[in-house]
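Peer 1: coords please:
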Amino acid sequence: MSETLLRVGTTYLPVTNVELSSEWYVSKLGAELNYKDDDKAILNIANQSIFLVKSKENQSANFYDAYGEERFTLTFEVNGSSALEAIHQEFREKKMKVGEIEDRGHAGRNFVFCDLDGNKFDVWSELSPEFKEKYNIS
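Peer 2: Reported below is the predicted structural model:
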């Protein structure tokens, strides 16, 4: 194969109310709204495009692992433990549904949060080395 996949460009998330959800992503996560109609909203957040797609109720991007645990499909990265603790506190102050900071037995620490429709997301305290190098982050 002479070409390779370079990055994840877009993630699609099911939401029941495009208007409310797009406002939530903008106000709570600092997303940039690029487009919105009755059926979808296109947001930029964390160097990625997120499409919020109007869906039936009780749908989410989550899945259940082999042990019955509901899991997230997307992890955001922050630069270090102090950044993780600060954003965790900020999300709590914004009255978001946020889990506790966890040590999962690997490098860094994590916490999980949810959007209005119960889509779960993970936040990890470790930036990937490639990202740090590309954006000259120490």
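Peer 1: which residue sits closest to residue 55, ignoring its sequence neighbours?
Peer 2: Distances taken as C-beta to C-beta, 6 or more residues apart in numbering put residue 14 closest to residue 55, at 3.5 Å, once the chain neighbours are dropped. Placement of C-beta: from N, CA and C, glycine included.
Peer 1: ugh, wrong one, residue 34
Peer 2: In space, and not counting its chain neighbours, residue 34 is closest to residue 42: 4.6 Å by C-beta to C-beta, 6+ apart.
Peer 1: can I assume that neighbour sits in a helix?
Peer 2: No: with DSSP: H, G, I helix; E, B strand; the rest coil as the criterion, residue 42 is strand rather than part of a helix.
Peer 1: quick one, what contacts it?
Peer 2: For residue 42, the contacting residues are 33-36, 49-52, by C-beta atoms under 8 Å, 6 or more residues apart in numbering.
Peer 1: So the residue positioned nearest the centre of the chain, which state does it fall into?
Peer 2: Nearest to the geometric centre of the chain sits residue 121, at 4.6 Å (C-alpha atoms, centre = their mean). Secondary structure state of residue 121, per three-state DSSP, is strand.
Peer 1: which residues sit in contact with it?
Peer 2: 72, 74-76, 112-115.
Peer 1: Sitting in strands, which of those residues do you find?
Peer 2: 75-76, 112-114 (DSSP state E).
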